[in-house]
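In: I'd like to go over a predicted model; first the sequence, then the structure.
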Amino acid sequence: MGFEHFATAYGYTGVFVLLALEYVILIVPGETLLTTVGVLSHTSQSSFNLPLLIVSASMGTFTGSILTYLIGRMVGRPVIQRFGKYIFISEKNLQKTERLFQKQATWTLLITKYIAVIRDIIPYVAGVNKLKLKIYIPIQLIASFLWTSTFLLGGNLLDQLGLSVYRHWRIELIPGILLLIGIVMCYRIIHKRLHRLGEPGDEDL
């Protein structure tokens with residue numbers, strides 16, 4: 001059973017569980033899942049409601065980030081370093097995440113939500129560094145809503161754009177393609193820049 005099928009079969013609970021598990025097993029493709037259910041929320045074949053999807057998805061990813069923060073805080077870096085490979089946390093990604101976190105913890109928590117894999121490791125690092133919960137919780141909550149809303153709304157708008165282009169393709173096909181290319185290029189540029197920030201010798205955030 002695929003992740004999208006699981007989400008549609010179990011509804012909001014399925015979305016919540018999958019996004020929480022992303023932080024524990026690191027094999028759930030969060031962006032793909034959110035975009036897909038965002039598209040489904042705009043179709044008559046789905047019972048998904050976009051506002052409720054945003055809430056369930058945001059609370060799912062928030063819950064996962066809290067659980068992994070607590071794990072990091074309890075077990076410490078040596079244990080994560082030793083056993084991280086079993087949940088796909090490589091030493092290279094762990095070191096990159098630590099460098100980002102040490103530069104600027106607050107902004108790192110917000111920005112790395114949009115970086116696959118690093119997003120899932122940063123809660124462990126925050127826990128290992130014993131970042132205060134009064135700081136961690138509100139920032140993670142805000143970041144969770146921003147991240148999930150971005151891809152759910154993006155999927156929803158993508159479906160609407162597709163329908164519009166299908167109905168008025170002579171007028172909207174080229175602008176639609178250019179807009180899609182622009183969005184993809186902007187995302188790739190931002191994603192690449194954020195990855196570079198985790199490399200040794202980069203400037204602070």
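Out: That came through, no problem.
In: what about residue 139, is that helix, strand or coil?
Out: Using DSSP: H, G, I helix; E, B strand; the rest coil, the secondary structure recorded for residue 139 is helix.
In: OK, contacts around the residue lying closest to it once chain neighbours are set aside?
Out: Nearest residue to residue 139, sequence neighbours excluded (CB to CB, 6 or more residues apart in numbering): residue 109, at 4.7 Å. Just so you know, the C-beta spots here come from the backbone N, C-alpha and C atoms, and that holds for glycine as well. Contacts were defined as CB atoms under 8 Å, 6 or more residues apart in numbering; by that measure residue 109 touches 122, 126, 136, 139-140, 143.
In: of those residues, which is the most crowded?
Out: residue 122 (28 neighbours; other CB atoms under 10 Å).
In: name the helix or strand for that one, please.
Out: In the assignment (DSSP states H and E), residue 122 maps to helix 118-128.
In: cool, and residue 131?
Out: Assigned by DSSP H and E, residue 131 falls within no helix or strand.
In: neighbours of it, how many?
Out: 21.
In: returning to that earlier point: looking only at pLDDT, what's the mean for the helix holding residue 122?
Out: Model confidence over helix 118-128 averages 85 on the pLDDT scale.
In: which strands and helices sit next to it?
Out: helix 3-25, helix 50-83, helix 91-103, helix 105-111, helix 133-167 (3 or more CB pairs under 8 Å, 6 or more residues apart in numbering; DSSP states H and E).
In: now render the ones you listed as CSV, adding distance to residue 40 and mean pLDDT.
Out: Supplementary listing: the helices and strands packed on helix 118-128 in CSV, determined by distance: least, CB to CB, whole Å; pLDDT from 0 to 100:
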stretch, distance to residue 40, mean pLDDT
helix 3-25, 7, 85
helix 50-83, 9, 87
helix 91-103, 31, 73
helix 105-111, 27, 82
helix 133-167, 8, 79
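In: residue 189: which of these is closest?
Out: Proximity of the helices and strands packed on helix 118-128 to residue 189 was assessed by CB to CB; the nearest stretch is helix 105-111, lying at 14.0 Å.
In: measure residue 156 to residue 149 for me?
Out: Remark: distance between residue 156 and residue 149 (CB to CB, to the nearest Å) = 10 Å.
In: what's the local residue count around the closest residue to residue 121 other than its chain neighbours?
Out: Setting aside the residues directly before and after it, residue 121 is nearest to residue 97 in space (CB to CB, 6+ apart), at 4.5 Å. The number of residues packed around residue 97, counting by other CB under 10 Å, is 25.
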